[in-house]
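Engineer: Below are the sequence and a predicted model for it; my questions follow.
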Amino acid sequence: MALSGKSAVVTGAAMGIGKAMSEILLQNGAKVVLLDMNEAAGKSLQEALSKQYGQDRTLFLICNVESEEQMKAAFQKTVETFGGIDILCNNAGMLNESEWEKTVSVNLLGVIRGTYVALQHMNKLTGGRGGVIVNTASLAGLGPLPSCPVYTATKHAVVGFTRAMAGASAASGYGIRFNALCPGFVQTDLLSNILARLGPFSHLEALTQTFMDKGVINTSDVAKCLLELVTDETKNGEALIVKSDLKMYMPFPTEPKTPK
Ligand SMILES: NC(=O)C1=CN([C@@H]2O[C@H](COP(=O)(O)OP(=O)(O)OC[C@H]3O[C@@H](n4cnc5c(N)ncnc54)[C@H](O)[C@@H]3O)[C@@H](O)[C@H]2O)C=CC1
Ligand SMILES: CC/C=C\CC(=O)/C=C/C=C\C=C\C=C\[C@@H](O)[C@@H](O)C/C=C\CCC(=O)O
């Protein structure tokens, strides 16, 4: 997929990985709608990106992915402004094992909500022009992080949901590819704050640190992998692992063979 003239929506765009995703999409020719609940950071980023890439290529809309009303309004505004939606990055997320219900609401329900609202605009069967949806999961979506079991659960669910939607889309003719991005530790505000957000598992801080000692990557490393999932039209139903020493597509087992 060439990005020139394409329109993208990025949730959790104001900071961290979402900010890097927005920048690389703009660098490669797309128009980008930045969705975030942090109004100050979102407006500041939109002003900076407009100066760098042009006034008509970015739009910031305050939007909480937990709100159906706000998500529907944001996606509608995107279509009205840029003529449609070709790319969705369901990236907004949080980690707080003390606020586990909110963690589920943002990390899982927010991804499902973004997908289903976007489908109304992207689905070729209902007048859309197809495209690609990339969900930011985590390496914790492929293996457990004992210090944050609920976060781990949400990311495992995002991987499963993404792979199932990829199959549904291919079987239905939606014209939309679905892929998961599974980074290891990335230097962002989320990572900086996690040791204070392990809640009932804070006694496992040292264990988490041993995982982190294996290496922390930059947001730009993640953004490059996003670009690969967006532009490579052969990728559907994939989980791309990004670590300091490894970039690989998760080799999921094929369907279990019936015993002979
Ligand atoms: N930092 C890391 O080590 C890793 C992060 N991830 C995932 O990457 C995604 C982005 O995380 P980071 O950039 O690290 O976090 P971050 O905290 O630096 O940025 C997250 C952004 O999402 C926004 N946000 C949070 N809740 C929201 C909501 N309900 N509605 C709209 N916007 C919301 C925040 O305002 C912020 O701008 C998350 O899904 C996270 O789980 C995955 C693997 C590793
Ligand atoms: C504490 C969470 C901090 C930041 C957010 C985040 O999502 C970070 C995740 C970073 C690492 C997760 C590592 C999980 C590791 C183990 O569960 C392994 O079993 C992973 C399993 C498969 C991955 C394939 C591979 O590593 O080759």
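Structural biologist: Ah, there it is. Ligands and ions are numbered 1, 2, ... in the order given.
Engineer: Report whether the longest helix seen in the chain contacts ligand 1.
Structural biologist: Assignment by DSSP state H gives helix 149-172 as the longest helix of the chain. No - Helix 149-172 is not in contact with ligand 1 by Cβ under 6 Å from any ligand atom; minimum separation 6.8 Å. Every C-beta, even on glycine, is put in place using the N, C-alpha and C of the backbone.
Engineer: What helices and strands are in contact with the following helix or strand past that helix?
Structural biologist: Downstream of helix 149-172, the first helix or strand assigned by DSSP states H and E is strand 176-183. When contacts are defined as 3 or more Cβ pairs under 8 Å, 6 or more residues apart in numbering; DSSP states H and E, strand 176-183 packs onto helix 110-122, strand 131-136, helix 149-172, helix 219-231, strand 239-243.
Engineer: Just the angle for the fourth one relative to strand 131-136, thanks.
Structural biologist: Per axes from the mean of the first three to the mean of the last three Cα atoms, to 10 degrees, the angle that helix 219-231 makes with strand 131-136 is 150 degrees.
Engineer: what helices or strands is helix 219-231 leaning on?
Structural biologist: helix 16-27, strand 131-136, strand 176-183, strand 239-243.
Engineer: which element follows the third one toward the C-terminus?
Structural biologist: What that stands for is strand 176-183. Per DSSP H and E, strand 176-183 leads on to helix 189-193 as the next helix or strand towards the C-terminus.
Engineer: what about whichever helix or strand comes after that next one and ligand 1, any contact?
Structural biologist: Proceeding N to C from helix 189-193, the next assigned helix or strand is helix 205-212, under DSSP H and E. No - remark: helix 205-212 sits outside contact range of ligand 1, by Cβ under 6 Å from any ligand atom, the gap being at least 8.7 Å.
Engineer: Under the pLDDT cut-off, which ranges of the stretch 101-250 of the chain? List them.
Structural biologist: By pLDDT under 70, the stretch 101-250 of the chain has no low-scoring segment.
Engineer: For ligand 2, give me its nearest residue in it.
Structural biologist: Ranked by Cβ to the nearest ligand atom, the top residue of the stretch 101-250 of the chain for proximity to ligand 2 is Gly143, at 2.3 Å.
Engineer: how about the residues of this protein that lie near ligand 1?
Structural biologist: Residues of the chain lying close to ligand 1 (Cβ under 6 Å from any ligand atom) are 11-12, 14-18, 36-38, 41, 63-66, 91-94, 106, 110, 136, 138, 183, 185-186, 188-191.
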